[in-house]
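Novice: mind folding the following:
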Amino acid sequence: MTKLSVNINKIATLRNSRGHNTPDLIQVAKDCERFGAQGITVHPRPDERHIRYADVYDLKKVVTTEFNIEGNCKEQKFVNLVLAVKPTQVTLVPDVQGQLTSDHGWDTIKNKDYLKDIISVFKNAGIRTSIFVDADLKMIEGAKETGTDRIELYTESYAKNYQHNCAEAVKPFELAGALAYECNLGVNAGHDLSLENLHFFTQSVPHLLEVSIGHALISDALYYGLENTVMMYRKQLQ
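Specialist: Coordinates of the predicted model:
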């Protein structure tokens, strides 16, 4: 069954808005696991506007499921953090400075040599690697050449077009998942997946190992409560 990794960036955003420790990020991570999450994801950025680098060290001490750190590997501070913490997985995202949220995958052909080098750094440290890619078959083929363990499919286009034509919206991801499997790449997915569109996506995309969900899940928790929401997302993955 596809695993649910909860991205807790939005919890950190809320905490930082008041400058204190409410809500308690560490307790939320522990509770997400207790409620059924099979992983915790964070995406620290250089300005630390949500997850702080200190948070990552604190989370490493308490996370008992899979710990996934996403970020821009062209930032040396990020690379140093990952190597020091040694999470279960590092997901490499081609963010630019000041980017609001991730909005594109790697060009795995243009950046092949760079990705091969940086992926080897993490793999030599015993950290599973995943790279953020669009559902483009050429990019999937290119990912194979980088030596990464997994890819994470960037799913905004699916979420945006789901209501208009769900079968058409998911088709590129079906093909991408199948090709990745043929290339011996594990398949993760994330971005704008929600209670509305998650079940259809997971039923349609083959060999899907993990989804990382933050914004929609935390927003739903305002209405349904965190425990109930985590369980609802887990149910969509069954």
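Novice: can you give me the strands for this protein?
Specialist: When secondary structure is read from DSSP state E, the chain shows strands at 3-7, 39-42, 66-71, 89-92, 128-133, 150-154, 186-190, 208-213.
Novice: for the first one, which strands pair with it and how are they oriented?
Specialist: With DSSP bridges as the criterion, the sheet partners recorded for strand 3-7 are strand 39-42 (parallel), strand 208-213 (parallel).
Novice: can you list the buried residues in that strand?
Specialist: For strand 3-7, the neighbour count (16 or more other CB atoms under 10 Å) marks Lys3, Leu4, Ser5, Val6, Asn7 as buried. The C-beta positions use only the backbone N, C-alpha and C, and glycine is treated the same way.
Novice: and the most centrally placed residue in the chain, what pLDDT?
Specialist: Geometric centre of the chain, nearest residue: Ser212, 4.2 Å, by CA atoms, centre = their mean. With respect to pLDDT, Ser212 scores 98.
Novice: that one and His43 touch, don't they?
Specialist: No - proximity of Ser212 to His43 does not meet the contact threshold set by CB atoms under 8 Å, at 9.1 Å.
Novice: what comes up buried for stretch 60-74?
Specialist: Quick answer for stretch 60-74 (16+ other CB under 10 Å): Val63, Thr65, Glu66, Phe67, Asn68, Ile69, Glu70, Gly71, Asn72, Cys73.
Novice: typed the wrong thing, it's stretch 128-146
Specialist: Counting neighbours by 16+ other CB under 10 Å, one finds that the buried residues in stretch 128-146 are 128-136, 139-144, 146.
Novice: and the two most separated of those?
Specialist: Greatest spacing in the buried residues of stretch 128-146, by CB to CB: Arg128 and Asp136 (22.7 Å).
Novice: what segments of the protein are helices?
Specialist: Here the chain has its helices, by DSSP state H, at 9-16, 25-34, 53-62, 76-85, 112-124, 137-146, 156-161, 166-182, 198-204, 215-224, 226-236.
Novice: for the record, mean pLDDT for the fifth one?
Specialist: Which is helix 112-124. Mean predicted lDDT for helix 112-124 stands at 98.
Novice: one more: the third one?
Specialist: Taken as a whole, helix 53-62 has a mean pLDDT of 98.
Novice: on contacts alone, who are the packing partners of it?
Specialist: Packing partners of helix 53-62 (3 or more CB pairs under 8 Å, 6 or more residues apart in numbering; DSSP states H and E): helix 25-34, strand 39-42, strand 66-71, helix 76-85.
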